[in-house]
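Peer 1: Show me how the following folds:
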Amino acid sequence: MHSIPLPAVMHPLSLSASSRFLSQKLLIPSSFFSNFKTTHQRFDKNFTKVPIIIRNCTSPPVSAKPSSQIRWSRAKKSEPDEKLQALRELFSKPGIGIDAYIIPSQDAHQSEFIAECYMRRTYISGFTGSAGTAVVTKEKAALWTDGRYFLQAEKQLNSNWILMRAGNPGVPTTSEWLNDVLAPGAKVGVDPFLFSFDAAEELKEAIAKKNHKLVYLYNPNLVDEIWKGSRPMPPNKPIRIHELKYAGVDVASKLSFLRSELIDTCSSAIIVSMLDEIAWLLNLRGGDVPHSPVMYAYLIVEVDGAKLFVDNSKVTPEVLNHLKNAGVELKPYDTILSEIESLAAKGAELWFDTSSVNAAIVNTYKSACDRHFEIHASDRKGNLHNGSNNQSWGPSGVYRASPISLAKAVKNPAELEGMHNSHLRDAAALAEFWVWLEGEIDKDVKLTEVDVADKLLEFRSKQAGFIDTSFDTISGSGANGAIIHYKPEPESCSVVDPKKLFLLDSGAQYVDGTTDITRTVHFGEPTAREKECFTRVLQGHIALDQAVFPENTPGFVLDAFARSSLWKIGLDYRHGTGHGVGAALNVHEGPQSISFRFGNMTPLQKGMIVSNEPGYYEDHAFGIRIENLLCVKQVDTPNRYGGIEYLGFEKLTYVPIQNKLVDLSLLSVAEVDWLNNYHAQVWEKVSPLLDGSAREWLWNNTRPLVKQ
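Peer 2: A predicted model of the protein is given here:
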C-alpha cells in the first residue's frame with residue numbers, strides 16, 4: 001500500500017519511528033517458533049498452457065514535471081476561514097497565551113490511522129491525507145505533507161493555507177518556517193499528548209534558536225475547543241481475543257520475554273503506548289481505528305504484574321477472563337498519568353521508548369521524579385551521582401527502543417501460515433472481482449471509482465475470516481491514479497475510463513492475516529508510452545523480488561533495485577518502495593522498511609514481511625504501481641562469504657500482472673521467465689479456490705509470454 005509515511009512531515013523534526021531501532025538486536029525466545037505447520041498447494045492439470053506472443057514495440061521519450069512546477073488548474077479566491085479565525089481567537093485567552101499552534105496528524109499513540117474523533121488536522125485544514133502537519137500563527141496557516149499527497153493537498157486546501165511540499169528543494173521545515181515568520185521570543189503551543197517525547201524535544205531545541213518557547217497545553221486541545229458538538233464520539237467497539245492458532249505464542253510467553261528484557265535493563269516497568277504493540281503482546285484485537293484491528297489503550301508491564309488502561313465498556317467477559325488468566329489488571333484509560341505519578345513516587349525506573357511514548361507521559365514522570373528528589377534531597381546529601389541503572393538517589397527513567405516492535409515484526413510460523421492462507425483467499429476474491437469488472441466495462445456499464453471500490457469490498461466480504469479493509473481503497477482512473485494516496489469520494493470521483501490506465505491499491509484484514517496489493521490495468525489498448533512506463537516499473541518489481549543479500553542488510557540498501565530501470569530514462573517516484581506489514585494487524589508497521597530514506601538501519605530478518613511496490617506517476621495524467629507482499633527468507637547460496645547467511649524473498653501475493661501492459665522488447669529473457677513462473681504459481685495456488693468464469697479469467701491471465 002502506497003508505501004512508507006514520512007515521519008519528519010508527520011511530526012516536525014521528529015525521528016523516524018523506524019530509526020529508533022538503530023543498532024538494536026533482539027533475540028526471540030525459541031518458544032516463539034513452535035507448532036510449525038506446512039501447507040501444500042495442489043496444481044490443477046486440466047489445462048495446457050498456450051503461449052501468448054506479443055510483438056516488440058517502441059515508445060517515445062517520457063518526461064514529467066514535478067507538481068511544484070505545474071500551475072494549479074483552477075484559481076483560488078481568497079475566502080474567510082471560520083475555523084482558523086476561531087482557533088486564533090483562543091491564542092490570547094488566559095492560560096494559553098501563544099503565537100502559533102501546531103496540529104499534527106497523530107493521536108496520543110502516534111498512530112498513522114486514527115479514529116475520526118482525533119482527526120484534528122483534517123478538521124482544521126480540510127486535508128484528509130494520513131500524513132501531514134498543520135501550523136497556524138496569528139497571520140498565516142501552512143500545511144506540510146510529502147510527495148504522496150501533493151496533488152491531493154492542492155485540491156483540498158483553501159486559499160488561506162500555504163502548501164509546503166516537504167522534501168522539495170527550498171521548502172523549509174516547520175521549525176525553520178516558525179523561526180522565520182515569528183518575532184523572536186514567541187510562544188509555540190502544542191498538545192503534548194500528540195507529540196512523541198523525542199519529537200517535542202527536537203522541536204523545542206530547533207525553535208530555541210530564535211528564543212521561541214514551546215508551550216505544552218494539556219487541556220484543552222485547542223482544535224477540540226472549536227470542534228465542540230460536531231466532534232464525533234470516541235469509538236466504543238468491543239475487544240476480541242486473537243486466537244492462539246493465529247497468534248502462535250500465548251500471552252504468558254510474550255510477557256515472560258518482555259519481563260526478561262526489563263530485568264536485563266534494570267527497569268521496574270515498561271510503558272507501552274503503540275496500539276499494535278499492545279494488541280500483539282496481549283493477543284487481543286479491537287475495532288477502534290478504521291482498517292486497523294486495535295483498541296485505544298495503554299499498557300504498563302512490571303516485573304510482577306501488568307495493567308491495561310482501557311475503557312471497560314469495550315471489555316467482554318471473555319476478554320476479561322483472558323486478561324485475568326494472563327495476570328493483567330484493568331484500569332480506566334484516562335488514569336494513565338496518575339499511575340505514572342504513583343510509580344515515580346515509589347521510585348520505579350520506567351522504560352520509555354521516547355520515539356513513540358508521548359511527551360505528556362514522559363514529562364509527567366520526569367516532573368514526579370523531580371518532586372521525589374525534592375522531598376528526599378535532605379536525606380540524600382552527599383550520595384547524589386549520575387546514572388539511571390545503578391545505585392541512584394532516585395528514579396530517572398530508562399530511555400531506549402521498545403523490544404516489542406522487532407519481536408512483532410519477525411513473524412512466527414503460525415503468523416506466517418495465517419498470512420499465506422489469507423492471501424490465497426484474498427487472491428480468489430480479486431479474481432472474482434476482476435472478471436466482474438472487465439465484464440461490466442465490456443458491456444459499456446458506467447462505473448465510478450467508488451462503485452468499483454464498493455464492489456471489491458463485496459467480493460472480499462464473502463471470504464472466510466474477513467473483518468475489514470486494511471486501508472481506504474485507492475481506485476484511480478486516469479489522472480486520479482497519479483494521486484498516490486487518492487481516495488475516491490462519491491460526490492467528486494471519476495467514472496472509470498476504459499481508454500485510460502486504472503490503478504487499484506487495496507487490502508483486507510482477515511482473522512488470520514493482513515493483505516495489501518496494487519495492480520494497474522488497461523481495459524482497452526494502452527499506448528506505447530504507457531507500456532514502457534509500466535514495464536520499467538515491472539522490471540524494478542522483479543529486481544527487488546529476486547534480490548539476494550547478506551544478513552544484517554538494512555532495507556534502504558535494496559531500494560535502488562526497484563528504481564534502477566526508471567532511473568535509466570530519468571524517471572522516479574516519490575514514495576518508499578516497501579513497508580512492513582503486520583500479521584492480522586496494521587498494514588503499515590516497523591521497524592523495517594525498503595526506502596530511499598537511509599536513516600533506518602534496521603536489518604531485514606527472516607520472517608519479516610515487506611511490500612514490494614515501485615511505481616511511476618505522471619501528475620495530471622496517469623499512475624502506475626505494482627505491489628506484492630514478500631516474506632524475508634533464508635537463501636541457499638553456493639558461497640557464504642564471511643560465514644554469514646544470505647537472505648531473499650518469498651512471495652505472499654498471487655494475483656496476475658496484466659500481460660497486455662508489458663513491452664517485451666524491454667524485458668530480458670530472465671525477466672520474462674520470472675513473469676511466466678510467477679503466473680504459473682498464481683494458477684497453481686489460486687485456481688483450486690475458483691470455478692466458472694473466475695477460474696477461466698485466471699487461466700487466461702496466467703498464460704505464458706514468449707519473447708521474439
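Peer 1: Isn't Glu339 up against Ile300?
Peer 2: Yes: with contacts defined as Cβ atoms under 8 Å, Glu339 counts as touching Ile300 at a distance of 6.6 Å. Bear in mind the C-beta positions are built from the backbone N, C-alpha and C, glycine included.
Peer 1: Now the common contact residues for the two.
Peer 2: Both Glu339 and Ile300 are contacted by 307, 309, under the criterion Cβ atoms under 8 Å, 6 or more residues apart in numbering.
Peer 1: When the two are compared, which one has more neighbours?
Peer 2: Neighbour count, other Cβ atoms under 10 Å: between Glu339 and Ile300, Ile300 has more, with 24 against 19.
Peer 1: From Trp227, how far out is the closest residue to the more buried one other than its chain neighbours?
Peer 2: In this structure, Ile300 finds its nearest non-sequential neighbour in Lys307, 4.7 Å apart by Cβ to Cβ, 6 or more residues apart in numbering. Relative to Trp227, Lys307 is positioned 31 Å away (Cβ to Cβ, to the nearest Å).
Peer 1: Following element in sequence after the longest helix along the chain, please.
Peer 2: What stands out as the longest helix in the chain, according to DSSP state H, is helix 413-442. As assigned by DSSP states H and E, the chain's next helix or strand after helix 413-442 is helix 449-461.
Peer 1: In that following helix, which residues are buried?
Peer 2: Going by neighbour count (16 or more other Cβ atoms under 10 Å), the buried part of helix 449-461 is 449-453, 455-457, 459-460.
Peer 1: Which neighbouring elements make contact with that helix?
Peer 2: When contacts are defined as 3 or more Cβ pairs under 8 Å, 6 or more residues apart in numbering; DSSP states H and E, helix 449-461 sits against helix 413-442, strand 466-469, strand 474-477, strand 501-506.
Peer 1: any low-confidence regions in this protein?
Peer 2: 2-78, 373-394 (pLDDT under 70).
Peer 1: domain assignment for it?
Peer 2: 82-230, 240-374+396-406, 410-696 (the TED database).
Peer 1: Compute the first-to-last residue distance for the second one.
Peer 2: Translated: domain 240-374+396-406. 24 Å (Cα to Cα, to the nearest Å).
Peer 1: how close does Lys707 sit to Pro169?
Peer 2: Taking Cβ to Cβ, one finds Lys707 at 41 Å from Pro169.
Peer 1: Neighbour count for the two, which is higher?
Peer 2: When Lys707 is set against Pro169 and neighbours are counted by other Cβ under 10 Å, the residue ahead is Lys707, at 16 against 7.
Peer 1: wait, that one sits on Leu666?
Peer 2: No: under the criterion of Cβ under 8 Å, Lys707 is not in contact with Leu666, lying 10.2 Å apart.
Peer 1: Distance of the residue nearest to Thr518 when sequence neighbours are not counted relative to Leu504?
Peer 2: Nearest non-adjacent residue to Thr518, counting by Cβ to Cβ, 6+ apart: Glu627, 3.6 Å away. According to Cβ to Cβ, Glu627 and Leu504 sit 10 Å apart.
Peer 1: Likewise for Trp674?
Peer 2: 22 Å.
Peer 1: if we can go back for a sec, out of the domains of the chain, the one nearest Thr702 is which?
Peer 2: Among these, domain 410-696 comes nearest to Thr702, with 3.8 Å by Cβ to Cβ.
Peer 1: what about that closest one, start to end distance?
Peer 2: 37 Å.
Peer 1: try stretch 235-249
Peer 2: 28 Å.
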